[in-house]
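Student: Make a model of this:
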Amino acid sequence: MGMSDRDTAFAEYFAARSGAMRGTAFLLCGDWHRAEDLVQTAFTKLYTHWHRVARHEALDPYVRQVLIRTFIDDGRRGWWRRERPRETPIEQAAVQSSADDRLMLLQALAGVPPRQRAVLVLRYWEDMSVDETAAVLGCSAGTVKSQAARGLDALRVLMSHPVTAE
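Tutor: Numbering: from 1, shown residues only. Okay, the predicted model is just below:
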């Protein structure tokens with residue numbers, strides 16, 4: 001029953017890691033439904049190659065790479081611009097809390113171009129090195145550094161001009 005062992009191993013990996021991957025996907029796209037789609041695409045691709053997976057410690061980097069490349073490819077096709085929900089002003093002028101700060105950061109992150117956003121998520125959320133990030137994105141370390149710098153600059157600008165209710 002090799003097939004059932006294979007499916008069981010896959011199901012265990014999915015159960016253990018899909019939540020973390022969903023969090024990464026949400027940071028990339030800013031939408032939980034889209035994040036779910038990205039995770040499903042990544043795990044579907046993993047499943048089709050599951051029989052060839054020899055080193056299970058290499059699964060996270062592989063799934064993360066598929067997730068990010070799918071996100072970037074969809075951005076090139078215009079999904080993000082076409083489907084992005086319109087920001088609505090926050091109707092409360094309550095005391096700023098860490099939840100408000102997090103929401104503001106997520107809204108600002110959504111305004112950063114997709115490739116720069118991917119670099120920021122990998123470098124600062126996933127805590128990857130420049131070289132690891134370059135490997136996932138299929139680019140040079142120099143490109144990662146410049147994209148990170150541009151992404152942080154864009155984030156700073158967006159964070160300094162928050163959307164406010166008037």
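Student: care to break the chain down by domain?
Tutor: Domain assignment for the chain by automatic domain parsing gives 1-84, 95-166.
Student: how about those in JSON lines, adding mean neighbour count?
Tutor: All C-beta atoms are positioned from the backbone trio N, CA, C, and that covers glycine. Formatted as JSON lines, those follow (neighbours: other C-beta atoms under 10 Å):
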{"stretch": "domain 1-84", "mean neighbour count": "15"}
{"stretch": "domain 95-166", "mean neighbour count": "16"}
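Student: could you dump the ones you listed to CSV with mean pLDDT?
Tutor: What follows is those, written out as CSV (pLDDT from 0 to 100):
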stretch, mean pLDDT
domain 1-84, 80
domain 95-166, 82
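Student: May I have the residues that are in contact with residue 118?
Tutor: 28, 68, 71-72, 137 (C-beta atoms under 8 Å, 6 or more residues apart in numbering).
Student: wait, residue 67
Tutor: By C-beta under 8 Å, 6+ apart, the contact set of residue 67 is 21, 24-25, 28, 38-39, 41-42.
Student: Widest-spaced pair of the residues you listed?
Tutor: Spanning the widest gap among these are 24 and 41, at 13.3 Å by C-beta to C-beta.
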